[in-house]
Every structure is written in structure tokens, then in C-alpha cells.
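*Asks:* one predicted model, sequence on top.
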Amino acid sequence: MVESQGNCTQLRSTLRLLTDRLSPSFIDPIMTESAPQSNQDKRIAAILPAAGRGQRFGRAENKLFAMLCEEPLWFHTARVLASRPEIGRILMAISDQDRPVFEGPYAKLVNILRIELVRGGSERTDSVRAGLDALDGDNSIAMVAIHDAARPLVSDADLTAVFSRASKTGAAILATPVPGTIKRKINSDDHSITIDRRELWVAQTPQVFHVDLLRQAYDRYRGRPATDDAELVERIGHPVALVRGRADNIKITYPEDLWVAEAILNRESKGG
Ligand SMILES: Nc1ccn([C@@H]2O[C@H](COP(=O)(O)OP(=O)(O)OP(=O)(O)O)[C@@H](O)[C@H]2O)c(=O)n1
Ligand SMILES: C[C@](O)(CO)[C@H](O)COP(=O)(O)O
């Protein structure tokens, strides 16, 4: 089983191990050994939207190529999902601009994790739809877990919880209660009022759905912008369950988020 989490030192050794000896006879046992066999195994397809431009990150290249503990950000995220026995397929939506990188320098890592590259689009929903379309006809997949490639720190416990809840309800997402006080700006002078936060949560990913439900939501989607997939499912009238996730399941959006992620990965080396 591919090691999916740990501190920087542990993760580096995993990558070196994987890239040093890439023969299928070496890799296959890692990817499939001791995975508990159950009828729930490999019934979930992961869709990793990775076709964004990372504008808020402020670099010329995609933020997903930024190094975290000396490994590319996207690889951290993909490895976590690839290490789960429930995951039968991983579709990663990438941009045309990034395809030469994934099919060139990173081709070995893409192949190790058995990632299927699909063509992402200008909006996140276009990228997710590309992953969903790639699942057409695959009756082995019962559910889809959409997980931002920019969220490398999702924990196994949170994955187990959201997979389980979605299998029961048809739709579930990781989320955290709003931690601070929420203000709404009310005029051009930046004056504000305070919003009652008691019912407010911040959505994370994975967002997990029965595949037919997600297909219905995308079939009826007419293009009104949505920043997550749960909103599309809400729009067709299906409830989406909130599963409380860890606060360290952060999305790498701004440069400083990478420092936070590195500190989180190193917490264990200091007994944190
Ligand atoms: N057209 C898009 C836009 C976003 N994403 C992916 O969706 C995830 C969450 O989006 P976000 O954090 O906003 O990434 P970017 O869109 O790249 O960031 P920005 O808005 O700063 O440009 C990222 O993994 C991103 O690559 C995608 O696959 N296709
Ligand atoms: C899907 C998401 O991560 C839920 O919080 C978020 O909406 C995607 O990030 P973005 O910055 O809104 O594109």
C-alpha cells in the first residue's frame, strides 16, 4: 500500500522508493497489497480537478507544481486517494498547458498512481464534468469523490467518514463550522455588519455523490456559476449532508498556505 500520510521525512522516502524502482513487479504489490477485500472496494472513482491557473497563488506555473516536502503538491493529494482500497479509478482533469508536464517529467508518478488524465476546462465544473464523462459506461463505479488537487492534507479518518455518509445519503461533503466572526461589507467605505455564524460551515472536499445523482445534477446544469459540486446537487433538490472535517484539510490557495501545509506535515516529527 502506498504510504499516504506522515511527516516530510517519511513522505520523501516513499517518493524515492517509488521512483527508484518503477518496475510493475515492484509497484503492483505496493498498490494492491493487504488492501482489505470487500464488496465496497474500488467502487468509488476519484475526480481530481487540477486544471486551474492558480492566479491567487501568484506564480506563472500551476500552483499544483509547487513543491511540498520536496514533492509536487498534486502528487501528495493523488497519493492519499490512491492509497484507499475504495478507490477504483482516479481521473485527474488537467489543462492543455500542463499536459506536457504530466506526460513528460511527471509521467512516471502519474503511471505509478494509475491516474487517468482528462481534459479540464475553463471552469471547475467543466473539469469535473470531464472526469464524470470518462466514467460513462463503467458500471463498477457506484460513487464519485471529487477532491481538489490543491487539498493535499485530507486525513484517512475524514475520507472514511465522508465515504460512509455518502454511501448512506447519496450526497455528503467534508466541511468545518465557521471558526471566526463573519462580517458582510455593506458599502464602498468598507463598513460592515456581523452575520450570525451559528449555521454557517465552510465547504471542503472530497464532495462525494452516488454517480447517478451527480450525473443528474450535471445533466440539468445550465451554466449558472457554482464554486462546488454540492451546489449543483442542491439545485436539483437533493439534500447534501455535512460531515465535519479537520481544520487542517486546507486548500492551497495563497503562497502562505504552502508554509502552513509544510508545518502541518512536520508536526509529527516534533511529536505534534
Ligand atoms: N477551471 C478549473 C478551475 C479550478 N480547477 C481546480 O479546482 C481546484 C480548486 O480550485 P482553486 O483552488 O480555485 O484553484 P485555481 O482555480 O487554480 O486557483 P485561482 O482561483 O487562484 O486561479 C484546484 O485543484 C484547481 O486546479 C480546475 O480543475 N479547473
Ligand atoms: C470546492 C471548494 O474547495 C469548496 O470550498 C471551493 O469552492 C473551490 O475553490 P475555489 O477557490 O472556490 O475555486
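*Replies:* Perfect, thanks for sending it. If you're wondering where the values come from, they're calculated on a predicted model, not measured in any experiment. Numbering: from 1, shown residues only. Ligands and ions are numbered 1, 2, ... in the order given.

*Asks:* so who does residue 68 touch?
*Replies:* Neighbour list for residue 68: 76, 152, 252, 258, 261-262, 265 [criterion: C-beta atoms under 8 Å, 6 or more residues apart in numbering]. In short, each C-beta sits where N, CA and C put it, glycine included.

*Asks:* wait, which of those is closest to residue 59?
*Replies:* residue 258 (10.5 Å; C-beta to C-beta).

*Asks:* wasn't that closest one part of a helix?
*Replies:* Yes: counting by DSSP: H, G, I helix; E, B strand; the rest coil, residue 258 falls inside a helix.

*Asks:* quick check: it touching residue 252?
*Replies:* Yes: assessed by C-beta atoms under 8 Å, residue 258 is found in contact with residue 252 at 5.9 Å.

*Asks:* between these two, which one's more packed in?
*Replies:* Higher neighbour count among residue 258 and residue 252: residue 252, with 26 against 19, using other C-beta atoms under 10 Å.

*Asks:* ok, that one - contacts?
*Replies:* 57, 63, 66, 68, 73, 150-152, 258, 261.

*Asks:* scan those and report the most crowded one.
*Replies:* For those, neighbours tallied by other C-beta under 10 Å; top is residue 152, 29 neighbours.

*Asks:* report the two of the contacts of residue 68 separated the most.
*Replies:* Across those (C-beta to C-beta), the longest gap, 12.2 Å, separates 252 and 265.

*Asks:* next secondary structure after the least confident helix or strand in the chain by mean pLDDT?
*Replies:* Lowest on mean pLDDT, DSSP states H and E among the helices and strands of the chain sits helix 24-32, with a mean of 43. Toward the C-terminus, helix 24-32 is succeeded by strand 44-49 as the next helix or strand (DSSP states H and E).

*Asks:* that next one packs against which elements?
*Replies:* helix 73-82, strand 87-94, helix 124-133, strand 143-146 (3 or more C-beta pairs under 8 Å, 6 or more residues apart in numbering; DSSP states H and E).

*Asks:* so which strand or helix has the residue of the stretch 1-150 of the chain found nearest ligand 2?
*Replies:* Per C-beta to the nearest ligand atom, residue 148 is where the stretch 1-150 of the chain lies closest to ligand 2, at 4.8 Å. Secondary structure assignment for residue 148, by DSSP H and E: no helix or strand.

*Asks:* thought residue 227 was touching it, still the case?
*Replies:* No: assessed by C-beta under 8 Å, residue 148 is found out of contact with residue 227, at 10.9 Å.

*Asks:* so for these two, which residue has more residues nearby?
*Replies:* Neighbour count, other C-beta under 10 Å: between residue 148 and residue 227, residue 148 has more, with 23 against 10.

*Asks:* run through the residues that contact that one.
*Replies:* Taking C-beta under 8 Å, 6+ apart as the test, what residue 148 contacts is 48-49, 77, 205, 251.
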